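# Structure here, sequence nowhere to be found:
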């Protein structure tokens, strides 16, 4: 009889690994369906197995540590955290299977994914000047985060900041749509090629795709907000995550009916399977985000532990306060344009006791505002250095 291996990683290391791998898996899954990239899809499926293995180790570590009710309660919260992320991993695996099984999504939908607020792109390094550039240099110059590098048959996930790239490496990057051109100029040495933006589609199909991309954005936003709720124990954030979950649940049913009604506009009926899979995966991500907020609702205080986890994670969530005399005070969000200028995402603004999510470009920042920012460490640091009060 074989014995279960004792995990070599600590509980903190396991949770950091699960969080980072789930995010990479999602990025690879979307890349797989955009580029018909079966190798990326296969890697995403392998990550599902690794994440499931790590979840088992988390449970083992929690059982080994559980002494007394107070500690057992905290271990329950950490298991719930890992379990919710595994649910997201399973959703990402379902998306990946579309590429492996050759299920078509249609050119229009792939184009829509490439024009979302946050995009994942695949670039083959062709610019000789980029040879031996370090990952931190690439992220600083492009404003995008390198989530994976494929070198021949080898995958490097979450490459270290001092990792040097070679010509013909294939990089998977994620970040704002506005920074895609910078990535191509740095890594390829030219502007991005023409996409399929000229694809002619009916207004019905265009409306469907717009809603799908909005749902993807809501799912990603709800997940990051749930992380923020774990860090701050902010019940207003919890309410926003719940609101997003309810809205996505409602829109899932609406989209099912709408997709069936316009199915005659699809050239291939298999497209419907792909669309339904994306809808379901999006809904499962928001459900997982809501699941994470249960930790806050139950009043289990593990915020200090989550601060350690998120500080060690590859993608950063940061708070920035607009202080008296700050160069930010008086600027509109349109003028600031953090996505294009810094490669970071502004998730929300707290003013007094009110949260503003998805604020409009004409909103003017005031002293005392608190901004929630998300992005790579290099992008966040660039923003902070620019607007830190002297």
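Received it, and whenever you're ready, just let me know what you need. These numbers were taken from a predicted model, which means no experiment stands behind them. Numbering: from 1, shown residues only.

# Going by C-alpha atoms from here, please, whenever you check contacts or count neighbours.
OK.

# The stretch 151-300 of the chain: helices as residue ranges?
Using DSSP state H, counting those that start in this stretch, the helices assigned to the stretch 151-300 of the chain run over residues 180-187, 203-232, 235-261, 270-297.

# Please identify the buried residues of the first one?
In this case it means helix 180-187. Within helix 180-187, the residues scored as buried using 16 or more other C-alpha atoms under 10 Å are 180, 182, 183, 184, 185, 186, 187.

# now do the third one
For helix 235-261, burial by neighbour count (16+ other C-alpha under 10 Å) applies to 237-242, 244-246, 248-249, 251-252, 255, 259.

# What is the nearest of those residues to residue 318?
Using C-alpha to C-alpha, residue 237 is the member of those that sits closest to residue 318, with 14.9 Å.

# Just list the residues touching that closest one, thanks.
Going by C-alpha atoms under 8 Å, 6 or more residues apart in numbering, residue 237 touches 225, 226, 228, 229.

# Of the helices of the stretch 151-300 of the chain, which is nearest residue 314?
Nearest of those to residue 314, taken as C-alpha to C-alpha: helix 203-232 at 13.5 Å.

# what residues does stretch 155-172 touch?
By C-alpha under 8 Å, 6+ apart, the list of residues contacting stretch 155-172 reads 20, 24, 28, 31, 120-128, 130-136, 146-152, 314.

# So among the residues you listed, which ones count as buried?
Applying the neighbour count, that is 16+ other C-alpha under 10 Å, the buried entries in the contacts of stretch 155-172 are 20, 24, 28, 31, 120-127, 130-131, 133-136, 146-150, 314.

# hmm, back to that, would you list the helices of the stretch 151-300 of the chain in a markdown table and tack on distance to residue 79?
Formatted as a markdown table, the entries for the helices of the stretch 151-300 of the chain read as follows, by distance: least, C-alpha to C-alpha, whole Å:
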| stretch | distance to residue 79 |
| --- | --- |
| helix 180-187 | 37 |
| helix 203-232 | 14 |
| helix 235-261 | 19 |
| helix 270-297 | 10 |
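
# closest one to residue 332 among these?
Go through the helices of the stretch 151-300 of the chain one by one with C-alpha to C-alpha and the one that ends up closest to residue 332 is helix 203-232, at 21.5 Å.

# show me where this structure has strands.
The residue ranges that make up the strands of the chain, judged by DSSP state E, are 118-124, 145-151, 154-157, 170-176, 315-321, 345-351, 354-357, 370-376.

# which of those sits most buried?
Among the strands of the chain, judged by mean count of other C-alpha atoms under 10 Å, the one packed with the most neighbours on average is strand 170-176 (a mean of 23).

# which strands and helices sit next to the helix ranked longest in the chain?
Longest helix in the chain, counting residues (DSSP state H): helix 69-100. Contacts defined by 3 or more C-alpha pairs under 8 Å, 6 or more residues apart in numbering; DSSP states H and E place helix 69-100 against helix 11-35, helix 38-65, helix 270-297.

# and the first one, how far out from the chain's middle?
What it means is helix 11-35. For helix 11-35, the distance between its averaged C-alpha position and the chain's averaged C-alpha position is 9 Å (C-alpha atoms, centre = their mean, to the nearest Å).

# in it, what counts as buried?
For helix 11-35, the neighbour count (16+ other C-alpha under 10 Å) marks 11-34 as buried.

# Could you do the last one as well?
Along helix 270-297, the positions that meet the burial threshold by neighbour count (16+ other C-alpha under 10 Å) are 271-272, 274-275, 277-296.

# what's the domain layout of this structure?
Using automatic domain parsing, the domain ranges for the chain come out as 11-111+199-307, 117-187, 315-387.

# Let's have those in TSV, adding mean pLDDT.
Supplementary listing: the domains of the chain in TSV, determined by pLDDT from 0 to 100:
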stretch	mean pLDDT
domain 11-111+199-307	87
domain 117-187	91
domain 315-387	89
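
# Counting neighbours, which of the contacts of residue 237 comes out on top?
residue 226 (29 neighbours; other C-alpha atoms under 10 Å).

# What is the end-to-end distance of stretch 166-178?
Stretch 166-178 has an end-to-end distance of 25 Å (criterion: C-alpha to C-alpha, to the nearest Å).

# got the end-to-end distance for stretch 329-348?
Across its full length, stretch 329-348 reaches 16 Å end to end, with C-alpha to C-alpha as the criterion.

# And the contacts of it?
Applying C-alpha under 8 Å, 6+ apart, the contact partners of stretch 329-348 are 142-144, 175-176, 178-179, 221, 225, 322-323, 355-367, 371-376, 379-380, 382-383.

# List the buried residues in that stretch.
Burial within stretch 329-348, assessed by neighbour count using 16+ other C-alpha under 10 Å, is assigned to 329, 332-333, 337-340, 342-348.

# Also stretch 105-117?
Residues of stretch 105-117 classed as buried by neighbour count (16+ other C-alpha under 10 Å): 105, 106, 108, 109, 110, 111, 112, 113, 114, 115, 116, 117.
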